[in-house]
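Have a look at this prediction, sequence included:
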Amino acid sequence: ADADGDGYRYDLPLPGVERDQLGLVRSGDELVVTVDVPGVTAHRRAFPLPAALRRCRIASARIADGMLRVGFKPDETLWPERFLTDHSEDTQTGDT
């Protein structure tokens with residue numbers, strides 16, 4: 001996972017997969033990806049989320065150029081208030 005603005009981005013390579021073939025769901029501490037290609041058996045895989053992303057919610061997802069990019073935003077109920085304040089100030093000033 002990489003820091004991305006006021007959240008994080010988790011990239012998964014999925015070459016040859018189109019948006020309409022893709023299913024994505026959060027299940028506890030895992031990101032579950034399903035690929036259903038017509039005429040081929042559907043594949044399902046659960047990816048354990050890194051510790052920081054376990055305290056975030058999915059904010060966006062898109063697939064482009066063979067890469068699934070999932071955006072996460074901190075869940076304010078699971079992060080200490082001090083971290084959220086410090087993190088947003090760092091993002092605004094460009095510091096990391």
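Everything's here; your move. Note that the structure is predicted; figures quoted are calculated from it, not measured.

where does the protein dip in pLDDT?
80-96 (pLDDT under 70).

switch the cut-off to 50
Scanning the chain for pLDDT under 50 picks out the ranges 88-96.

tell me, what residue is most central in it?
V70 (3.3 Å; CA atoms, centre = their mean).

my guess is that one meets C56, correct?
No - contact criterion CB atoms under 8 Å: V70 and C56 do not qualify, at 10.0 Å. C-beta here means a position set from N, CA and C on the backbone, and glycine is covered the same way.

how about the strands of this protein, start to end?
2-4, 7-13, 22-27, 30-35, 43-48, 56-64, 67-74 (DSSP state E).

Mind giving me the packing neighbours of the second one?
Just to be clear, that refers to strand 7-13. Packing partners of strand 7-13 (3 or more CB pairs under 8 Å, 6 or more residues apart in numbering; DSSP states H and E): strand 2-4, strand 30-35, helix 51-54, strand 56-64, strand 67-74.

List the buried residues in it.
Neighbour counts over strand 7-13 (16 or more other CB atoms under 10 Å) mark 7-10, 12 as buried.

Could you save the residues you listed as TSV and add columns showing distance to E76?
Listed next are the buried residues of strand 7-13 as TSV, based on distance: CB to CB, whole Å:
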residue	distance to E76
G7	12
Y8	15
R9	19
Y10	19
L12	26
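
Of those, which is the nearest to H43?
Comparing those against H43 with CB to CB picks out L12 as the nearest, at 12.8 Å.

can you tell me how far R26 sits from V37?
23 Å (CB to CB, to the nearest Å).

Kindly report the same for P74.
34 Å.

Of these two, give the one with the bigger neighbour count.
The neighbour count for P74 versus V37, taken as other CB atoms under 10 Å, is higher for P74 (20 against 12).
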